[in-house]
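# let me see the structure of the following:
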Amino acid sequence: MLDLVGPHRSKLALATGLSAVCQLAEVACGLFLGWVALVLIKGSCPPLLALGITGATAQLWFLSGAAAVACAAVAVLSYAANTQWRGLGQAVQQDWRDSTYAHVQRLELGQLEGERTTRIAGVLTDEVAELGGFFATCANDAVQLGTSFLVLVPAFLVFAPQIAWIAFLPMPIVAWLSFRHQDRVADDYAVSSEHRAQLHSQLVNSLQASATVKSFCTEEYEAARLDELGEKYRLSNRRTDRHTVRHGETVRATTTASMVGMLLLGGRSVLDGALPFEVFSPLIGLPQQVLFRLTRLGTIVDQYQRTLTAYDRVQHLRALPAEPGGKDEELDRTAVQGAISLKDVTFAYPGRPPVLENFSLDIAPGGVTGIVGATGSGKTTVARLLMRFQDAAEGQVLLDGRDIRDLDRHDLRRAVGFVAQDPFLFDGTIADNIRYGTFDASDEDVERAARAAEAHPFVDTLPDRYDTRIGERGAALSGGQRQRIALARAILKDSPVVILDEATSAVDNETEAAIQRALRSFAQGRTLVVIAHRLSTIRGADRIHVLDKGGVVAEEGTHAELLERGGLYASLWSLQSGERAA
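Okay, the predicted model is just below:
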């Protein structure tokens, strides 16, 4: 638990102290009430006689006042303790959420893609919430139970050993039952947590795929899948709940039997003269406090087990390896020329054959370079390597003659702009999305970038123009509109190297031609790498590299040169132009 608390150990100490003092005040209140009964029955309270308070009326007033003060102290201390515990729970949640999210941000892209996004989100929300749940809900009871035990057991052993054993006999029994319960439900909680994650993932996926679901008329199928997962989650929860309720009622029965036994055994000892009534009267009610806390032990153990299960799931996420480090050499983006070289690069995705093997490619600084090829030839992999989303297993990727693994990762990515085929847009306004990453850009800069990306014409027709909200992942926009917004974002970033990976695949030919004209102007003084399947996209490139299966550079040259050779590029061009003519 100390690992969970982290830097908040002072808050833990304060909360523990408040709970302990609160329990002592509660014990004192019970003791005073027991002495009141002694005054009413016997006419005096021996401990008060030693203080010089002799009259029954005076003793009654004194004890009533002391009990009132103790009860008020219990109320104040209980409020303070609960507030402190809840604050600690929230602080633990916030710290673990922040640190875990920071680790997720440092994960290699391949690791992120290997984990379900909904599962990661579930860990950062539900599981992290459970980490603070124990402190917010059960830690106070646990501390007060421990305090009662430490105070009352010695008191009974000293003043009433005849009934001490029956008063506290439930403690080892309940402790054994609780640990047995914890062992029994540990696996059940792991299964329940997994079923909850599956249910959450399915729910999010079905909502995100609403258009696909409607187009295939599979609403009932998706509802059935959700119902099946919901039933699994319900059954796994019912199993753990059944064990928890059974445990709680067993504890309650054990403590009740102990209370009855203490009354019978203690009363008989008083009648036999073995136990003074003056001792039995104030002590009779005190074990109830411990026994009452014991009835909460099942809940405490239950929440503790939930916390351990959540901790394991969070630690699994935090154990995923972060992006490999390097020398973190500084890179001045203003000094970047944009010469790119891949030398004898070999790369394979986990569990797959190599996409690139002994692959070499040189991209001259400045101007426009096109990379084309069939599906699976490694075009997108080249872009991922240049961005250091992944590192090559062998070989080098150089920027201006420097191995990019030696460069500071953020410096590299600031110097290289990237637009993917399916760009991600955030739930916000169009201006917010264009300005993302260049947050100090003016409205004029945003509009200028939008014009260069041919996004301004459609934005200008919207009622709120650049203040139009576009929904999650830009759901309010078409595919081509999303690509143009992402392109405007890359233009505004103003990086010396820009990679466009099928960045205009969803726009019509007329819009693409306008974008190409704008990009030709934008490319002046920078290196523009255009990866495309549609050859018309890179027709005007200064240099075109044609990749074949296995990441082999089959041809390179200008559009005219490649057509003249009559090779792979010419075949692709003939095929595509023929399709367009058809």
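
# can you give me every residue that contacts the residue minimising distance to the centre of the chain?
The centroid of the chain falls nearest to L124 when counting by C-alpha atoms, centre = their mean (1.4 Å). If you count contacts by C-beta atoms under 8 Å, 6 or more residues apart in numbering, L124 has them with R97, T100, Y101, V104. In short, each C-beta sits where N, CA and C put it, glycine included.

# measure the residue lying closest to the last one once chain neighbours are set aside to I340 for me?
Take V104 and drop its neighbours on the chain: the residue closest to it by C-beta to C-beta, 6 or more residues apart in numbering is I120, 6.3 Å away. I120 sits 32 Å away from I340, taking C-beta to C-beta, to the nearest Å as the criterion.

# neighbour count: these two, which is higher?
I340 (23 against 18; other C-beta atoms under 10 Å).

# roughly how far does that one sit from E329?
From I340 to E329 the distance is 17 Å (C-beta to C-beta).

# how about I363, phi and psi?
phi -120, psi 120 (degrees, to the nearest 10).

# distance of it relative to E394?
Taking C-beta to C-beta, one finds I363 at 20 Å from E394.

# ok, the two, which is more surrounded?
Higher neighbour count among I363 and E394: I363, with 22 against 14, using other C-beta under 10 Å.

# now do the contacts for that one.
I363 sits in contact with G338, A339, I340, S341, T369, T527, V529, R543, where contact means C-beta under 8 Å, 6+ apart.

# how does it look with 6 Å?
By C-beta atoms under 6 Å, 6 or more residues apart in numbering, I363 lies in contact with I340, T369.

# hang on, the earlier thing: so which strand or helix has the residue nearest to V104?
helix 117-122 (DSSP states H and E).

# what's next to that helix, contact-wise?
Contacts of helix 117-122 (C-beta under 6 Å, 6+ apart): A197, H200, S201, V204.

# for whichever strand or helix holds the first one, which helices and strands make contact with it?
Right, A197. Using DSSP H and E, A197 maps to helix 170-208. Judged by 3 or more C-beta pairs under 6 Å, 6 or more residues apart in numbering; DSSP states H and E, helix 170-208 is in contact with helix 117-122, helix 219-271, helix 297-318.

# and the next helix or strand past the first one?
So that's helix 117-122. According to DSSP H and E, the helix or strand after helix 117-122 is helix 128-137.

# mind listing what's buried in that next one?
V128, A129, E130, L131, G132, G133, F134, F135, A136, T137 (16 or more other C-beta atoms under 10 Å).

# and that helix, what does it pack onto?
Against helix 128-137 (3+ C-beta pairs under 6 Å, 6+ apart) you get helix 56-106, helix 297-318.

# go again using 8 Å as the cut-off
When contacts are defined as 3 or more C-beta pairs under 8 Å, 6 or more residues apart in numbering; DSSP states H and E, helix 128-137 packs onto helix 2-5, helix 56-106, helix 297-318.

# mean neighbour count, those helices: which tops it?
Ranked by mean neighbour count, the helices and strands packed on helix 128-137 are led by helix 297-318 with a mean of 20 (mean count of other C-beta atoms under 10 Å).

# report the distance from that one to the chain centre.
15 Å (C-alpha atoms, centre = their mean, to the nearest Å).

# angle of that helix against helix 56-106?
20 degrees (axes from the mean of the first three to the mean of the last three C-alpha atoms, to 10 degrees).
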